[in-house]
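Student: Provide a 3D model corresponding to the input given below.
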Amino acid sequence: MMGKTKKIVGIFLSLVLVLGMVPLFGFTSKADDNYVIRIGDNEGVKDIYGEAYGSGWLYTPGDTNVKPTLTLTNANISGEYGIFSDGIGSINIVLVGNNTITSTTNEGINIDDDDGFLTISGEGTLTVNGSTNGIKANNVTLDSGAVTVNANANEGIYAYGPVVVNGGSLNVTSVSSGYTAIGVKAIGGLKINDGNFNAKGNSSGVDVGSNSVTINGGTVVAGSSECKSGITSENLYVNSGTKSFVAVGKEKALDCNYIMNEIPGVGWTNTEGTEGEAYIAINKDPGYSETDLESYKKVQFPQQPEVIDGANQTVSAGSSATFRINKDFGLFQNGGSVKVDGKEIEKKYYEAKSGSTIITLNGEFTKNLSEGEHVLAVKFGDNTEANTTFTITKEAQGSEPSADSGEATSPTNTDNSSANNTTANDTTANNSSTSDAKGKAPKTSDTLPIGAVALIIIGIGTIGVVVYRRRRL
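Tutor: Alright, predicted model coming up:
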C-alpha cells in the first residue's frame, strides 16, 4: 500500500515539474524580438532574403540593383510601433489604395539604419501618424503617391540626410505644446523637383540648419501663420522651373543667410499677404540681395501678374474687351495662353501685344458668350497667371444681331492652368504619451502551445489510471 502511495506521489511531482517547465519553453510572445522589420506590434519580416506578408502588406527582397520593397495595399497598421526597421538598410514603400500607419508611442515609420534610405512611390495614399516623429530615416525620397504625415511632437519628418520630392504630394504637420515642433527637419537639405509640398510646425515649416533648400519645380508651401518661421536654412535657391513657392512665418517667412531667385517675387509684412507689399527682384548673386527678405512675414515666388487696366469691366456682346497686364510680353510669347471660364481659347479670337502685355478679346468671340460674368485667365510661360472678371451685356441697340447665340463656340483644349498652392493638412496626431524608447516591443500576450497541453493531458490521465487501479484493489 505504501509503495503505491509513493508511486502516486512520484507521478504527481513529475507532473508539477512538467508544468513548471512549460513557461520556459511553451509560452511565446506575439511580439517576437527577431524581426528586421516590425509591422505593427505582432507581425513583421524576419528574413530579409525571403518573401513575407501580412494583413495589407507584402515584403519582397531586393538584389544588387533593386531595393527591398514593402507594398502596402489598403493597409491599416497600428500599435506601439508603426513600421520599424533595424538592419535592412534601404527600402522602397509602394502604395496601393488607401493606407494608414499609426504608432501610439514611437515614430510612425522608423528606418533605423545608418544607410536607411526610404523611398515612397506608387499611385495610392498613405497617412502616417507618429507620437514622436512621423517619419525618421537617413534619407527620405517621394517619387509618387499622396503622403500625409502627422507628428504629435518633435519633427514630422526627421532625416539625417536630404529630403527629396520628385513628384506626388507630401503634406507634413507637426504640433506640440512647446515651440520645438518642425514640419520637415532635413540635416542634408531639402530639394523639390516637382509635385506638391506643404510643411508646417510650431517652430518652422522647414529647417535644414546649415544646408540648402532648393526649389527646381512643383508647388511649395513652407510654414503658416502659426509657425515661427517658414524656412530656416543657410541658402535658399528658387529656380526658374518653380511653379509656385510660398513661405509664411509669424516672425519671418525666411530665416536664411543667402537667397538666390531666378524669378521675381513679392513680399508682405504680414502673414495674410495684405500689408507692406514689395517687389522682389531677380537675384543670382549668392552674397547679395537688393531686398531684405527677412523683413517679410510672407514671401511668394514667382510674383503673380495683375490686370492693371480693364479689370472687372463690362462690355456689350459683340464688342471687343481689352486688358493690360503688368508682365513682360516676352514671357507671354514663350508659352503663354488665354482662358475664359477655364477653357483655353484659340488665338484667332484674341490679339496679344506688348505694353506690358495687352490682351484684346475680339467681338467675334464676345458675341457668343452668355450674358453675365465671366473669368479671364492669362497664363505666362513661367507658370504665373493673371486673373480678372468681366461682364457681358446684351448687344447695343442698332448693332447687327448675331446669327448665333448661347455659349462660346471657340475650340477648347485641355486645361493646363498652373497648380494651386497646396493647403496645409490640419489633421493632428492622437495625443499619445511621448516615448523615446527605441528598443523592441514588449511581450504583449502569452499563448499555450499544443505540446504543453498534451503533457498536461498525459499527466492527468496517468494520475486517473493510478487512482482507478488503487480503488479496484
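Student: CA only for contacts and neighbour counts going forward, please
Tutor: OK.
Student: which residue, neighbours along the chain excluded, lies closest to residue 123?
Tutor: The spatially closest residue to residue 123, leaving aside those adjacent along the chain, is residue 145, at 4.8 Å (Cα to Cα, 6 or more residues apart in numbering).
Student: give me the number of residues near the one you found?
Tutor: 21 (other Cα atoms under 10 Å).
Student: wait, what's in contact with it?
Tutor: 95, 120-126, 167-169 (Cα atoms under 8 Å, 6 or more residues apart in numbering).
Student: before we move on, what about residue 303?
Tutor: Residues in contact with residue 303 (Cα under 8 Å, 6+ apart) are 263-266, 279, 384.
Student: pLDDT wise, what is it at?
Tutor: You'll see residue 303 listed with a pLDDT of 81.
Student: give me the element it is part of.
Tutor: Residue 303 is located outside every helix and strand, with elements delineated by DSSP states H and E.
Student: just give the closest residue to it, not the sequence neighbours.
Tutor: Closest to residue 303 by Cα to Cα, 6+ apart is residue 265, at 4.0 Å.
Student: please report the distance of the one you found from residue 128.
Tutor: 34 Å (Cα to Cα, to the nearest Å).
Student: repeat for residue 310
Tutor: Applying Cα to Cα, the value for residue 310 to residue 128 is 48 Å.
Student: which of these two has more neighbours?
Tutor: residue 128 (27 against 18).
Student: which elements pack onto the helix or strand containing that one?
Tutor: Element membership for residue 128 (DSSP H and E) is strand 125-130. If you count contacts as 3 or more Cα pairs under 8 Å, 6 or more residues apart in numbering; DSSP states H and E, strand 125-130 packs onto strand 91-96, strand 98-103, strand 146-151.
Student: most centrally placed residue in the chain?
Tutor: Centroid-nearest residue in the chain, with Cα atoms, centre = their mean: residue 170, separated by 1.9 Å.
Student: next one: whichever strand or helix holds it to chain centre, how far?
Tutor: In this structure, residue 170 sits in strand 169-174 according to DSSP H and E. Remark: strand 169-174 is offset 4 Å from the chain centroid, using Cα atoms, centre = their mean, to the nearest Å.
Student: other SSEs contacting the following helix or strand past that strand?
Tutor: Sequence-wise, the next helix or strand downstream of strand 169-174 (DSSP H and E) is strand 182-186. Using 3+ Cα pairs under 8 Å, 6+ apart, the elements in contact with strand 182-186 are strand 155-159, strand 169-174, strand 196-201, strand 204-207.
Student: adding mean pLDDT and distance to residue 79, write those strands out as JSON lines.
Tutor: As requested, the helices and strands packed on strand 182-186 are arranged in JSON lines below (pLDDT from 0 to 100; distance: least, Cα to Cα, whole Å):
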{"stretch": "strand 155-159", "mean pLDDT": "95", "distance to residue 79": "18"}
{"stretch": "strand 169-174", "mean pLDDT": "96", "distance to residue 79": "20"}
{"stretch": "strand 196-201", "mean pLDDT": "96", "distance to residue 79": "24"}
{"stretch": "strand 204-207", "mean pLDDT": "96", "distance to residue 79": "28"}
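Student: got a markdown table for those, with distance to residue 52 too?
Tutor: A markdown table is the format used below for the helices and strands packed on strand 182-186 (distance: least, Cα to Cα, whole Å):
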| stretch | distance to residue 52 |
| --- | --- |
| strand 155-159 | 27 |
| strand 169-174 | 28 |
| strand 196-201 | 33 |
| strand 204-207 | 36 |
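Student: out of those strands, flag the one nearest residue 333.
Tutor: In terms of Cα to Cα, the element of these nearest to residue 333 is strand 196-201, at 27.0 Å.
Student: out of the helices and strands packed on strand 125-130, which is the most enclosed?
Tutor: Of all the helices and strands packed on strand 125-130, strand 146-151 has the most neighbours on average by mean count of other Cα atoms under 10 Å, namely a mean of 27.
Student: run the angle between that one and strand 98-103 for me.
Tutor: 20 degrees (axes from the mean of the first three to the mean of the last three Cα atoms, to 10 degrees).
Student: which helix or strand lies directly C-terminal to the worst-scoring helix or strand of the chain on mean pLDDT?
Tutor: Lowest by mean pLDDT, DSSP states H and E among the helices and strands of the chain is strand 28-29, with a mean of 32. Using DSSP H and E, the next helix or strand after strand 28-29 towards the C-terminus is strand 37-39.
Student: how about the helices in the stretch 301-450 of the chain?
Tutor: For the stretch 301-450 of the chain, the helices defined by DSSP state H, counting those that start in this stretch cover 329-333, 363-366, 450-472.
Student: could you tell me the least trusted of those helices?
Tutor: What stands lowest among these, in mean pLDDT terms, is helix 450-472, with a mean of 53.
Student: how far is stretch 347-359 from where the chain is centred?
Tutor: 39 Å.
Student: same question, stretch 192-204
Tutor: Offset of stretch 192-204 from its chain centre (Cα atoms, centre = their mean): 8 Å.
Student: buried sites along that stretch?
Tutor: 192-204 (16 or more other Cα atoms under 10 Å).
Student: okay, these in a markdown table with distance to residue 114 next?
Tutor: A markdown table is the format used below for the buried residues of stretch 192-204 (distance: Cα to Cα, whole Å):
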| residue | distance to residue 114 |
| --- | --- |
| 192 | 24 |
| 193 | 25 |
| 194 | 27 |
| 195 | 28 |
| 196 | 28 |
| 197 | 26 |
| 198 | 27 |
| 199 | 25 |
| 200 | 27 |
| 201 | 26 |
| 202 | 28 |
| 203 | 27 |
| 204 | 26 |
